[in-house]
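Student: Here is my input; please provide its structure:
(one chain, ligands or ions: 1)
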Amino acid sequence: LGTNPHFLVTSEGEMVEAPRHFQKAEEKLAKAQRELSRKKKGSNRRKKARLKVAKLHRKIANQRKDFHHKVARKLVNRYGTIVHEDLNVQALSRSHIAKGIHDAGWAQFLAILAYKAAAHRASGSVLAGRRVIKVDPKYTSQDCPVCGHREKKPLWVRAYTCPQCGALLHRDVAAAQNILARAWTGPSGVAIPCPRSPGL
Ligand SMILES: [Zn+2]
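Tutor: You can find the predicted model right below:
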């Protein structure tokens, strides 16, 4: 779930926040970009300002990549099967949600995750069989993971409260549980035998 204050939320209720220094670095970048826009075209000062912006961009990209590697490593070590929203489907069904840096970051993270899962399989470990499964996220933020009741809720509502069965869950945890359940049952109805699998 790339569109909440947390970097990711698992079906077990674990929430991973993006490190605070990301925000600081992005504020610095915004400031440098403002300064660049004020410099006269063709001037030496403008050249200097442009280099500063490029350097900050690189720094942020590297920090983000490190963070993605760490989180992906943790998940791959811990879980046999990892289920997440299919980003391509999400882009179509949620075009109303603000796009930008965050989504780009999420795509990179999923690529790293898939790569690490494959590397884990190739290593021939006794725990081999790491799988990463993409599922269609449609309705996963509207359905009750307990009874299946479907209800559209505004994005600012942080808790999932079910009017039918009374379930009360963090909204993103509820969505993660739905995502996981979707992989278990799948469109073909084939169950996946894995007892510990987080939906992301
Ligand atoms: Zn319910």
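Student: Longest helix in this protein, please.
Tutor: Secondary structure of the chain per DSSP state H: the longest helix is helix 44-78.
Student: The closest residue to A181 other than its chain neighbours - how many residues pack around it?
Tutor: If the residues on either side of it in the chain are set aside, A181 comes closest to P145, at 6.6 Å by CB to CB, 6 or more residues apart in numbering. Placement of C-beta: from N, CA and C, glycine included. Residues within reach of P145, counting by other CB atoms under 10 Å, total 22.
Student: For P145, which residues are in contact?
Tutor: A167, L169, A174, Q177, N178, A181 (CB atoms under 8 Å, 6 or more residues apart in numbering).
Student: cool, and R20?
Tutor: If a contact means CB under 8 Å, 6+ apart, then R20 has no contacts.
Student: Look up how far the ion lies from it.
Tutor: Going from R20 to the ion by CB to the ion, to the nearest Å gives 36 Å.
Student: so what pLDDT did that residue get?
Tutor: Looking at R20, its pLDDT reads 78.
Student: next SSE after the least confident helix or strand in the chain by mean pLDDT?
Tutor: Sorting the helices and strands of the chain by mean pLDDT, DSSP states H and E puts helix 87-93 at the bottom, at a mean of 56. Next helix or strand after helix 87-93 toward the C-terminus (DSSP states H and E): helix 101-122.
Student: Chain neighbours aside, what residue packs nearest to V9?
Tutor: D172 (3.9 Å).
Student: so the one you found makes contact with T10?
Tutor: No. Using CB atoms under 8 Å, D172 is not in contact with T10; the gap is 9.3 Å.
Student: Provide the backbone phi and psi angles at the residue of the chain positioned farthest from its centre.
Tutor: Most distant from the centre of the chain: S43, at 41.1 Å, with distances by CA atoms, centre = their mean. For S43, the backbone dihedrals (degrees, to the nearest 10) come out as phi -80, psi 160.
Student: Tell me how far it lies from S37.
Tutor: Applying CB to CB, to the nearest Å, the value for S43 to S37 is 13 Å.
Student: and if you look at R46?
Tutor: 9 Å.
Student: Below-threshold pLDDT in the protein: ranges please.
Tutor: 1-5, 89-104, 121-129, 185-200 (pLDDT under 70).
Student: for the ion, what are the nearby residues on it?
Tutor: Counting by CB under 5 Å from the ion, the residues of the chain close to the ion are C144, V146, C147, H149, C162, Q164, C165, A167.
Student: Dump the residues you listed to CSV, plus neighbour count.
Tutor: Output for these, formatted as CSV (neighbours: other CB atoms under 10 Å):
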residue, neighbour count
C144, 21
V146, 16
C147, 11
H149, 14
C162, 18
Q164, 12
C165, 11
A167, 15
